[in-house]
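Novice: okay, predicted coordinates and the sequence, questions at the end:
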Amino acid sequence: MKKVLLSVISVILCLSLMIPVGVTAFAEVPSEDTAIVEDTNVNFGDILADVDLSGIGDLAAGLGDKFESLSSTSFKVLFMNFLAKIVNTLSNVLITIIGKVLNLVIPATPALNSYADFNLDEYGNFLPGMEEFLDEPAQGAQWHLGYAQESILPDDFGEVPYTMGGYGLMAETTETFDGLWVRTIIMNDGTGRGNVAFCVLDAIGIANADVRLIREAVADFAKANNIVSINVGVTHTHSGIDLQGVWDNTVGNVLSNITIGALGLTELKSGVDRKFLQTIIDQTAKSIKDAYADMEAGTLELATMDIGDDYLRDRTAPYNYDGNMYRLEFTPDDKNEEPTIITTFGVHPENSGFGHTVISADFIPYTEKVLNDAGYNFIFIQGAVGTITYDRHYSNDGLDLSRYEEAVRYGYEIGYMLLGMTKTEEECKAINFAYGDYLGVAEYEGQENYTVWYEGWTPVTEKEVEPLLNIKNKQYVIEVSNVLLDIIGKVGITDYFFLYDNATGKYYEVTECAYMEIGDALKVLISPGEHYGEILNGGKGLEGFEYDSYRDMFGENVIIFDLMNDAIGYIEPDPEFVMAGMKYSEENDEYDTDTWCLISFGEHTASKVAGEFVSLVESVR
């Protein structure tokens, strides 16, 4: 009876804390093992003793240092930043205390796996990448690339309602504006060191445990065809089907699993729809096989355009982000075969999710429409996304639009820009009218607030990328110190593979990273989360962080593929970490709310992720 009473109390408290985390994305692999969390005698004093209060002391100790810089920084800026730091520190402490109290009363469930018994080397379905890194192209090297695309909508979609993942809990729908897909490319440099696959799902995120299920489905095929690295990412659309388990029947699943834990039962309810997950596995596996069969020899070129001022917007000070759009264009030697455009930039595809309970891949399929009309295959890979959304001022063109229609126009405009990156203004005009004029230049040009996308166009140069592909993947265990996510892991509504250390009371998850070199043009850090831009670029926001920026350490041609092989939430520099607080914007002379890291593994996630990248790069360079 005591356990049942605690269950009822914990449901009420758990749901009150989970509502702001409803835009999170987490999942746990259902386990038939009994719970590994033993009964403990932890009391409230132990909880307080375990809360990190060092930040408050650091504030006082650092006050003198801050005022020493008055000669170069105004008193107001120092004071506003200092005030935000106090608020943020107190907020972190309060959330941690509440979360630990809640965690204490939640009964143990079978959701957790034993940290003490876990052996990472025996954890299956991981591919380590290439055994050898080359410094220059091998004699006779040549790019090869294959492309495939498959729908990931379940075959009963339209008849059976599915839960959306992104905004609002338990929002079910049988409708879609466009559809959801997996797009896959497989590449090699012709040296025989292995084929590399990138699969991108129209979804908000995918747990590493589910990525491994996809690899398991093609394990024999990968081995037979020398596929040495399979990387599964997401576009991060906020209007897809819930693939992370926190939006689907949230209240019922939490209540059910806590009750199951209280009664000592083992069969938990995951919020990830199993039919949808199986569709993801089957269709992604098919796309890998089809992309391999589609491989052709050809050339690869890179073009880079800064779109940050007009088409991207960072929502949190200090507004430090990579505003470049990168275009890799693969041209087959056989001119009867379709070329492929690979593009990456950091942006949240979240517009269609506002005001609709209709499935959508957001702007991506509309970018694809333009490129398909021009004869290209297309794949979008999420970049260093941080807190960046898309700025729709120029693509909205002063028209009266729904949020979904805004996403459509943004997608079209990005598509035309990708086609025109290296073209003159006149060539861009010709492209616009040759491929649909989907933005209505013929209809709206001259109307107040209407902007023609190619007017004043300045082309960029492109360079051929030498045929050299290096990649190394790494798996590691990362602590989950965010108490809210510890609770989500404990109640087991997700597919994330959570570990619990009974000796320390700490939670962990298995995740991955990778390092890739594409010729001498790009160095790619493949990341499981959402990087704040300052970690890539340096400068404001990185003060006091343990590591230099990635570009300071590895070069200016470093980019990030975020949300690949996992979805661990936001990666904010440790000294700036706050779950629910504020950041002072010197530029706007106001405070920005900062609640992003409610969806983060914790305060030291950034230093752990950066340290693993440094270790990985040093192991091959």
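Specialist: On my side now, so go ahead.

Novice: show me what counts as buried in the longest helix belonging to the chain.
Specialist: Counting residues, the longest helix found in the chain (DSSP state H) is helix 75-105. Neighbour counts over helix 75-105 (16 or more other C-beta atoms under 10 Å) mark 78, 80-82, 84-85, 88-89, 91-93, 95-100, 102-105 as buried. Where you see a C-beta, it was placed from the backbone N, CA and C, and this is true even at glycine.

Novice: ok, now how distant is residue 401 from residue 99?
Specialist: Using C-beta to C-beta, to the nearest Å, one obtains 40 Å as the distance from residue 401 to residue 99.

Novice: no, scratch that, I was asking about residue 445
Specialist: Separation of residue 445 from residue 99 (C-beta to C-beta) stands at 55 Å.

Novice: go on, residue 503?
Specialist: Taking C-beta to C-beta, one finds residue 503 at 20 Å from residue 99.

Novice: kindly report the same for residue 307.
Specialist: According to C-beta to C-beta, residue 307 and residue 99 sit 39 Å apart.

Novice: check residue 294 too.
Specialist: Residue 294 sits at a distance of 48 Å from residue 99 (criterion: C-beta to C-beta).

Novice: do the same with residue 256
Specialist: From residue 256 to residue 99 the distance is 21 Å (C-beta to C-beta).

Novice: next, residue 325: secondary structure please.
Specialist: strand (DSSP: H, G, I helix; E, B strand; the rest coil).

Novice: cool, residue 371 as well?
Specialist: Three-state call for residue 371 (three-state DSSP): helix.

Novice: check contacts around it.
Specialist: Neighbouring residues of residue 371 by C-beta atoms under 8 Å, 6 or more residues apart in numbering: 341, 377-378, 415, 418-419.

Novice: one more time with 7 Å, if that's ok
Specialist: Neighbour list for residue 371: 341, 378, 415, 418-419 [criterion: C-beta atoms under 7 Å, 6 or more residues apart in numbering].

Novice: could you do residue 467 as well?
Specialist: Taking C-beta under 7 Å, 6+ apart, we find residue 467 in contact with 137, 141-143, 189-190.

Novice: nearest to residue 472, of the residues you listed?
Specialist: Nearest to residue 472, judged by C-beta to C-beta, of these is residue 189 at 14.7 Å.

Novice: what backbone torsions are found at the closest one?
Specialist: Backbone torsions for residue 189, taken as degrees, to the nearest 10, come to phi -110, psi 10.

Novice: so it sits against residue 470, correct?
Specialist: No - Residue 189 is beyond contact range of residue 470, at 8.6 Å (criterion: C-beta atoms under 7 Å).

Novice: measure how buried residue 366 is and give me the count.
Specialist: For residue 366, the neighbour count with other C-beta atoms under 10 Å is 21.

Novice: go ahead and confirm it touches residue 412.
Specialist: Yes - using C-beta under 7 Å, residue 366 is in contact with residue 412, at 5.1 Å.

Novice: just the helices from the stretch 301-450 of the chain, written as ranges.
Specialist: 308-311, 364-373, 393-396, 403-420, 425-434, 441-444 (DSSP state H, counting those that start in this stretch).

Novice: now do the helix or strand hosting residue 256 against helix 75-105: the angle between them, please.
Specialist: Using DSSP states H and E, residue 256 falls within helix 250-263. Between the axes of helix 250-263 and helix 75-105, defined by axes from the mean of the first three to the mean of the last three C-alpha atoms, to 10 degrees, the angle is 50 degrees.

Novice: same for helix 250-263, what does it pack against?
Specialist: helix 2-18, helix 483-491 (3 or more C-beta pairs under 7 Å, 6 or more residues apart in numbering; DSSP states H and E).

Novice: ranking the ones you listed by mean pLDDT, which is last?
Specialist: Among those, helix 2-18 carries the lowest mean pLDDT, a mean of 40.

Novice: contacting residues around residue 279?
Specialist: 152, 154.

Novice: how much space separates it from residue 553?
Specialist: 40 Å.

Novice: same check, this time on residue 139
Specialist: 31 Å.

Novice: okay, these two: which has more neighbours?
Specialist: Legend: neighbour count by other C-beta under 10 Å for residue 139 and residue 553, higher for residue 553 (15 against 6).

Novice: so what's the gap between the helix or strand hosting that one and the chain middle?
Specialist: In the assignment (DSSP H and E), residue 553 maps to helix 550-554. Counting by C-alpha atoms, centre = their mean, to the nearest Å, helix 550-554 is centred 21 Å from the centre of its parent chain.

Novice: residues of it that come out buried?
Specialist: 550-551, 554.

Novice: equivalent analysis for stretch 538-546, please.
Specialist: Quick answer for stretch 538-546 (16+ other C-beta under 10 Å): 538, 541-542, 545.

Novice: tell me which of those residues has the lowest pLDDT.
Specialist: Among the buried residues of stretch 538-546, residue 541 has the weakest pLDDT, 93.

Novice: not counting its neighbours along the chain, what's nearest that residue?
Specialist: Nearest non-adjacent residue to residue 541, counting by C-beta to C-beta, 6 or more residues apart in numbering: residue 534, 3.5 Å away.

Novice: same question, residue 371
Specialist: Spatial nearest neighbour of residue 371, excluding adjacent residues (C-beta to C-beta, 6+ apart): residue 378 at 4.4 Å.

Novice: count the residues that sit near the one you found.
Specialist: Using other C-beta under 10 Å, residue 378 has 22 neighbouring residues.

Novice: may I have the beta-bridge partners of it?
Specialist: On the basis of DSSP bridges, residue 378 is bridged to residue 341.

Novice: which residues of this structure score low on pLDDT?
Specialist: The chain contains residues with pLDDT under 70 at 1-73, 353.

Novice: what about the strands in the stretch 101-250 of the chain?
Specialist: 113-114, 143-151, 162-165, 172-173, 181-188, 195-201, 227-234, 240-241 (DSSP state E, counting those that start in this stretch).

Novice: neighbouring strands for the first one, and are they parallel or not?
Specialist: Strands flanking strand 113-114 in the sheet, each with its direction: strand 498-501 (parallel) (DSSP bridges).

Novice: swap in the last one?
Specialist: Partner strands for strand 240-241, per DSSP bridges, with pairing direction: strand 162-165 (antiparallel).

Novice: tell me the contacts of residue 534?
Specialist: 320, 540-542, 573.

Novice: and of those residues, the nearest to residue 437?
Specialist: Nearest member of the contacts of residue 534 to residue 437, counting by C-beta to C-beta, is residue 320, at 36.5 Å.

Novice: for residue 199, see how far away that closest one is.
Specialist: From residue 320 to residue 199 the distance is 30 Å (C-beta to C-beta).

Novice: same thing with residue 529?
Specialist: For residue 529 relative to residue 199 (C-beta to C-beta), the value is 18 Å.

Novice: returning to what we had before: how about the contacts of residue 467, which pair is most distant?
Specialist: 137 and 143 (10.0 Å).

Novice: the spatially closest residue to residue 216 that is not a sequence neighbour: what's it in contact with?
Specialist: Excluding the flanking residues, the one nearest residue 216 by C-beta to C-beta, 6+ apart is residue 125, at 4.7 Å. Taking C-beta under 7 Å, 6+ apart, we find residue 125 in contact with 212, 215-216, 219.

Novice: on that earlier part again, which elements pack onto the longest helix of the chain?
Specialist: Judged by 3+ C-beta pairs under 7 Å, 6+ apart, helix 75-105 is in contact with helix 2-18, helix 44-50, helix 54-68, helix 483-491, strand 581-585.
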